[in-house]
Structure formats: C-alpha cells, structure tokens
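Student: Make a model of this:
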Amino acid sequence: MAVDTEADLRRQELRGLDRLDSTRTRRPLVRRLWDATWPKVAALALALAGWQALAATGWKAEAGFGGPGPVLRELWAALTDEYAGNGLPTVWDAIRVTMTRGVVGFLLATVVGLLLGVAVSQSKILRAAIGSLITGLQTMPSIAWFPLALLLFGIDESAIVFVILIGSVPSIANGAISGVDYVPPLLVRAGRNLGAGRVGLYRHVIVPAALPSIVSGLKQGWAFSWRSLLAGELLVAIANRPSLGQFLQASRETSDTNYMIALMIIVLAIGIVVDVVFNAFDNRLRRRRGVAPQP
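Tutor: You can find the predicted model right below:
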C-alpha cells in the first residue's frame, strides 16, 4: 500500500512539472503570430528591394524585364478576373484545373507509394530486386518521361498523371521504407507480446513509429509531383482545359514578361501554402512526441 501511495505521489509530481513546463513555455498568441510573421515580411521586403534594384540597372530591359510594380499590377488584374464574363478562361480557371490535377495525382501517388514502400520494407526479395530502382527513378528528371507518356497516352490528362506518379511515387516509397526500417525492434516485440496480429502491429505500432519519416516522404513527394505537373502543362496543352503551365507558355510566346512573372508568383505562392500545411502537421506531430518546443 505504501508503494502504491509513493507511486501516486510521483505521478502527481510529474504531472505538476508538465503543467508548469507548458505554462512557462507557451507564449501569448500575438507574440507567436509576430514571431512567425516578421521574418517572412522581412524576407519579402528584401526580395522586392533586390528585384527593384536589378530592374533599375536596365538588365534585360529589351526582354521586358521590369520592376515589381508593373508585375504586381498585372497580378492584381489577373486575380480580379479582368477577363471574366467574355468567355475567355481566367487565371482562377487555370488554378482550378492545375490544382485538381495536382491533388488527384498526388493522392494516387500517395496510395501507390505507401503500398510499394511497405511491401519493399517487408520483403528481402523485393528490396533486392527494386530497392535501388526506386532510388534511381527518384533521380530522373520528370521531363524525361514526357516523350514516353505522350507516346503511350497521347495528348491527354493521363499523360500528365502518369508523369506525376513517376515523379512522386519513389519519394513517398522511400519515405515509407526508411520509416519502417528505423522502427525500434523493441517496439515490434512489445506489440507482438501484447497480442497484436500483423495488421494490428502495423496499425498501432509500425505506422505510428514510422509516421515522421512517412510525412517527410509525402512532403518531398508533393514537391516532385508539383514540379512534374507544371513541366507537363508546359508541354501538353489540352483543349478546353486551361492551366497555369499553358498560360505560362502562352505568355512566353507573346513575350508578355510581366504577366509571365505574375503567373510564376502564383505558382510559388501555391507551393508555399502547401508547404505551410505540411509544416504545421509536422510540427504538431513533433510536439505530440515531445521533440519540438511548445508554442
């Protein structure tokens, strides 16, 4: 009885220390927002200043390269649907088509990559047969696959999705393989001793332990799929399917430099927003595991 009382006191002390630690480290919301915002604002201001200074030198003025002012005005005109109502596709139409392709391709790549990664991590034969091939595919430029994709699928959505899969599946699979490989054997043995079957072992032990590496692979897989998608849209123009890549190619052909840079800013902004989402999920995961400071 005395042992139980001492153990209870010890647990209460630890809970008290945890609450004290979280109280001390948690900062006010306004301070956290400011700390997260000012570095980005400062970096943006420096980038705009450098851009303006470069444009002021007259570098590539003959190609239409100017300062941020005309480009930002062009960006505002594009985002406010300057051509809406006259039957012409707008930037928002292009964003919708591009994001739909990107999300569908990435979801398919996630399913294929995770299944492939788990299968390779659990089979010595598969690892010996295609383990190096997966890494080799990851190093190949996505644009190198487009001649084959066009030959197999023609000028169609399937060609773009095929290249997205080829570009992102290896990264996702490698993330799953690395995550499973680094699961401590002690956890696996503990799960088996507690009666977990093969499915339960993966659900409750292996996947949670490998989740940080899997998330890292998913993040890298999205980066590859986004690059593959834009490269595909630059090469493959499908009728009645306006896309950001198609708009970029059209602005290059018409030498509309300001509009082209405005489109590039949109592409960059989408990439940053997705990265923020991945980082938020990753930070939350690390905080739950006690490997990241509390906000």
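
Student: could you pull out the helices for the stretch 51-200 of the chain?
Tutor: Using DSSP state H, counting those that start in this stretch, the helices of the stretch 51-200 of the chain run over residues 68-79, 91-122, 124-139, 146-153, 157-181, 185-193, 198-201.

Student: so what does the fourth one touch, helix or strand wise?
Tutor: I take that to be helix 146-153. helix 157-181, helix 207-235 (3 or more C-beta pairs under 8 Å, 6 or more residues apart in numbering; DSSP states H and E). Where you see a C-beta, it was placed from the backbone N, CA and C, and this is true even at glycine.

Student: what's the answer for the third one, then?
Tutor: Packing contacts for helix 124-139, counted by 3+ C-beta pairs under 8 Å, 6+ apart, involve helix 91-122, helix 157-181.

Student: same thing but at 10 Å, please
Tutor: With contacts defined as 3 or more C-beta pairs under 10 Å, 6 or more residues apart in numbering; DSSP states H and E, the packing partners of helix 124-139 are helix 91-122, helix 157-181, helix 207-235.

Student: The shortest one too?
Tutor: Counting contacts by 3+ C-beta pairs under 10 Å, 6+ apart, helix 198-201 packs against helix 185-193.

Student: Let's see the pLDDT reported for the nearest residue to V180 once chain neighbours are set aside.
Tutor: For V180, ignoring the flanking residues on the chain, the nearest one in space by C-beta to C-beta, 6 or more residues apart in numbering is S121 at 3.9 Å. As predicted, S121 sits at a pLDDT of 88.

Student: what about T100, distance to F106?
Tutor: T100 is 11 Å from F106, where distance means C-beta to C-beta, to the nearest Å.

Student: quick one, which of these two is more surrounded?
Tutor: Between T100 and F106, F106 has the larger neighbour count (other C-beta atoms under 10 Å), namely 23 against 13.

Student: I figured the more buried one hits F278, correct?
Tutor: No - counting by C-beta atoms under 10 Å, F106 does not reach F278; the two are 11.5 Å apart.

Student: what is in contact with those two at once?
Tutor: L218, W222 (C-beta atoms under 10 Å, 6 or more residues apart in numbering).

Student: In contact with L235: list those residues for me.
Tutor: Applying C-beta under 10 Å, 6+ apart, the residues contacting L235 are I143, F146, P147, A149, L150, I155, A159, I160, V163, G245, Q246, Q249.

Student: how about TSV for those residues, with pLDDT and neighbour count added?
Tutor: Shown next, in TSV, are the contacts of L235 (pLDDT from 0 to 100; neighbours: other C-beta atoms under 10 Å):
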residue	pLDDT	neighbour count
I143	83	15
F146	87	21
P147	88	10
A149	89	23
L150	88	17
I155	83	14
A159	89	22
I160	89	29
V163	90	27
G245	90	24
Q246	90	20
Q249	90	17
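
Student: Determine which two of these are furthest apart.
Tutor: Across the contacts of L235, no pair lies farther apart than P147 and Q246, at 19.0 Å, counting by C-beta to C-beta.

Student: Run through this protein and note the low-pLDDT ranges.
Tutor: Within the chain, the stretches with pLDDT under 70 are 1-27, 82-87, 290-295.

Student: Recalculate using a threshold of 80.
Tutor: Within the chain, the ranges that satisfy pLDDT under 80 run 1-30, 32-36, 81-88, 196-200, 203, 237-240, 286-295.

Student: L268: neighbour count?
Tutor: Residues near L268, counting by other C-beta under 10 Å: 10.

Student: Nearest to G197, out of the contacts of L235: which one, please.
Tutor: V163 (38.7 Å).

Student: so who does that closest one touch?
Tutor: By C-beta under 10 Å, 6+ apart, the residues touching V163 are 105, 142-146, 148-150, 153, 225, 228-229, 231-232, 235-236.

Student: and what of S121?
Tutor: Each residue near S121 by C-beta under 10 Å, 6+ apart is listed here: R127, G131, A173, A176, I177, S178, G179, V180, D181, V183, I206, A210.

Student: Would you mind checking those for buried ones?
Tutor: Neighbour-count burial (16 or more other C-beta atoms under 10 Å) applied to those gives R127, G131, A173, A176, I177, S178, G179, V180, V183, I206, A210.

Student: Quick check: chain neighbours aside, which residue is closest to the third one?
Tutor: The spatially closest residue to A173, leaving aside those adjacent along the chain, is G117, at 4.0 Å (C-beta to C-beta, 6+ apart).

Student: S178 is in contact with the one you found, correct?
Tutor: Yes - using C-beta under 10 Å, G117 is in contact with S178, at 8.5 Å.

Student: so what sits against both of the two?
Tutor: A210, S213, I214, G217.
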